[in-house]
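**Q** Here is the input, now give the coordinates:
(chains A and B)
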Amino acid sequence: MTDIVRLILVAFCMQWAVAALPAGAVDFTAAETRKILRHGPWPQTATPDPSNRVSGNPAAIAFGRVLFFDTRLSASGSVSCATCHRPDAGWTDGRARSRGQRAVDRNALSLFNLRFNRWFGWDGAQDTLWAQNLRPLLDRREMGIGAAGAARLVRGDRTLSCRYRLAFGVAPGPDVERVFVDLGKALAAFLETLVTGRTPFDDFRDALARNDAAGRARYPDAAKRGLRLFVGRGNCAFCHFGPAFANGEFADAGVPHFAGSGRADPGRFGGIRKLRKSSYTLLGRFNDDPARTTAVKTRHVRLAHSNFGEFRVPGLRNAALTAPYMHAGSLKTLADVVRHYSTLDEERLHAGGERILRRLDLSAREQADLVAFLESLTEAEPRRESAAKPGTSPCR
Amino acid sequence: MAGRRQRGPAFAAALAFVLAAGAANACERPQGWTGGGKIVGKTWTVRWQSAPAAIPVGAHFSLRFRLCGPPVARVKVRGWMPDHRHGMNYRAAVTLAGPTGAVRGLLFHMPGRWQLVFDIAGAAGREKLVAETVLE
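**A** Numbering: from 1, shown residues only, chains lettered A, B, ... in the order given. Here you go, the predicted structure:
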């Protein structure tokens, strides 16, 4: 057989082999495919929070929704949860650092998919969603009504009192803290419903799982290239892991953690210390689960110097709707976030800290590809909510 | 006689150590255990099994273990990612009951290569036993 004939045969065989593969099958290796499949399926199965006896209770969800938009829950009467978590702005407020009754040091986190979190807030100072809801009510910069003020409001208002009774089965009692915590639990029941819908990425991921070539082909090539960077060279998936694209923990992302006027934001370090001092935790009397089944994290969490300047790894679903980014809103767009990691100043990271982040030196096209992938994590029709949504409650 | 008396206990101790070392090497899997692993050290061998059987990423898991070898005074168990130079964000608690033990509070919070480290101490000395696992 001459060399020419051999070459023609080899070329023919290669062409046949490629043609036999379904479209898109050459896009990802088996290892990459396994990593991609870990980011689904979506939506996830959700179970009620055992520490909150009204988790999933429709009357509590409706009550929580009313509370969320009620400005009377602030000391000034002018700020509600929705002031900083606007439904029309991805449940955040578009500001770098948020402003309730006064300015605060941090960016308002979005409220998407909170029910899948392990810790709450940028510093994880709360171990439940209901405890997280109490924090702004106590913080004078945010709503600041305090436990007594909130309990007084609910007891004294016929409609709120009626909704409380519907949700909890009893009228608001004399125990101020109990009523206060129950407001946090009703708010949590509402916030648990804010789960994002399906995205173009989910369609692609499921097509990959069932080996559906046509389904895979519908996902844009730029997003595919960005996804490859995300699970590969970018090392993004170490922290942005799993179906919610968050590993539930904290990281030093190399952004400045000065809170202004020479103060440093201690991040996770301060969060663990606050958690240990709080009476509103899974180890306290307000946990409705006598077995404390979800309290293992609180019992075993470890405080380390390396926690200083660490902040929560946020989920990435609908991230395109929640600008600006990072704990103090220092990066305005997703393109800025990608550029931050591409040109990362490694000197900013803890010298004795973990070695995950590296300057990525991405090309302009690679950066655009990563942004295209992140944008593909956006649901087509985000849920709309407004204070004016009519209710069917018998409480008037 | 005195010499013999001195040699007797030494011989017995040496024999006990050799037997213990032999037992440590054998260290059969306890009945009913499936999966998990075995780490053979110079002084001790540990058999361990996690619950759930496949160590998850980003969720708490527990362990039970059985130590074979000389008596143990203290065991610490921790996780370590050598490539990232960090451990767990949680401090695991070990309950020892003779040669067996239980560990609670473990959480491996990211995919990649993890080491499960047993730090063992007893009258026979100290030993670090390490098992490696790659989580996807």
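
**Q** Dump stretch A:72-88 to PDB, restricted to CA.
**A** Taking only C-alpha atoms (Å, rounded to 0.1, in the frame of the first residue of the first chain), the coordinates of stretch A:72-88 have been written out as PDB:
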ATOM      1  CA  ARG A  72     -43.700  49.900  59.500                       C
ATOM      2  CA  LEU A  73     -41.100  47.300  60.400                       C
ATOM      3  CA  SER A  74     -38.500  50.000  60.500                       C
ATOM      4  CA  ALA A  75     -37.900  52.500  63.300                       C
ATOM      5  CA  SER A  76     -38.500  55.400  60.900                       C
ATOM      6  CA  GLY A  77     -41.500  53.800  59.200                       C
ATOM      7  CA  SER A  78     -39.900  54.400  55.800                       C
ATOM      8  CA  VAL A  79     -37.800  51.300  55.200                       C
ATOM      9  CA  SER A  80     -39.000  47.800  54.400                       C
ATOM     10  CA  CYS A  81     -37.100  44.600  53.400                       C
ATOM     11  CA  ALA A  82     -38.000  45.500  49.800                       C
ATOM     12  CA  THR A  83     -36.100  48.800  50.100                       C
ATOM     13  CA  CYS A  84     -32.800  47.000  49.800                       C
ATOM     14  CA  HIS A  85     -34.100  43.800  48.200                       C
ATOM     15  CA  ARG A  86     -36.200  45.100  45.300                       C
ATOM     16  CA  PRO A  87     -38.000  42.400  43.300                       C
ATOM     17  CA  ASP A  88     -37.500  44.400  40.100                       C
END
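
**Q** in it, what's buried?
**A** Burial within stretch A:72-88, assessed by neighbour count using 16 or more other CB atoms under 10 Å in any protein chain shown, is assigned to A:72-75, A:79-87. (C-beta placed from N, C-alpha, C; glycine too.)

**Q** Can you tell me which of these lies closest to residue A:244?
**A** Within the set of the buried residues of stretch A:72-88, residue A:85 lies nearest residue A:244; the separation is 18.1 Å, counting by CB to CB.

**Q** What sits closest to that closest one if chain neighbours are left out?
**A** For residue A:85, ignoring the flanking residues on the chain, the nearest one in space by CB to CB, 6 or more residues apart in numbering or on different chains is residue A:91 at 4.7 Å.

**Q** Run a quick neighbour tally on the one you found.
**A** By the criterion of other CB atoms under 10 Å in any protein chain shown, residue A:91 has 25 neighbours.

**Q** State the mean pLDDT of the strand or helix carrying residue A:180.
**A** Here residue A:180 is covered by helix A:176-191, with elements defined by DSSP states H and E. With pLDDT averaged residue by residue, helix A:176-191 scores 98.

**Q** Show me which residues of chain B sit near chain A.
**A** B:57-58, B:60, B:81, B:83-86, B:88-93, B:104-105, B:107, B:109-112, B:136 (CB under 8 Å from any CB of the partner chain).

**Q** circling back to that earlier point, how much space is there between the residue nearest to residue A:85 and chain B?
**A** Taken as CB to the nearest CB, to the nearest Å, the spacing of residue A:91 relative to chain B amounts to 23 Å.

**Q** What of residue A:317?
**A** In this structure, residue A:317 and chain B are 16 Å apart, going by CB to the nearest CB.

**Q** Could you look up the SS state of that residue?
**A** Using DSSP: H, G, I helix; E, B strand; the rest coil, the structure places residue A:317 in coil.

**Q** List the contacts of it.
**A** By CB atoms under 8 Å, 6 or more residues apart in numbering or on different chains, residue A:317 lies in contact with A:42, A:112-113, A:196, A:199, A:244-245, A:377-379.

**Q** Not counting its neighbours along the chain, what's nearest it?
**A** With CB to CB, 6+ apart as the measure, residue A:196 is the residue that lies nearest to residue A:317, at 4.5 Å, once sequence neighbours are left out.

**Q** didn't the one you found look like it was pressed against residue A:382?
**A** Yes. Counting by CB atoms under 8 Å, residue A:382 is a contact partner of residue A:196 at 7.4 Å.

**Q** so how many other residues sit close to the residue nearest to residue A:317?
**A** Other residues near residue A:196 come to 21 when the count uses other CB under 10 Å.

**Q** so it sits in a strand?
**A** No. In this structure, residue A:196 is coil, not part of a strand, as judged by three-state DSSP.

**Q** Closest to the centroid, which residue in chain B?
**A** For chain B, residue B:46 is the residue whose C-alpha lies nearest the centre (CA atoms, centre = their mean; 4.1 Å).

**Q** any idea how far residue B:91 is from that residue?
**A** 19 Å (CB to CB, to the nearest Å).

**Q** Could you look up the SS state of the residue lying closest to residue A:120 once chain neighbours are set aside?
**A** The shortest distance from residue A:120 to any residue that is not its chain neighbour, by CB to CB, 6+ apart, is 3.6 Å, and that residue is residue A:132. For residue A:132, the secondary structure call by three-state DSSP comes out as helix.
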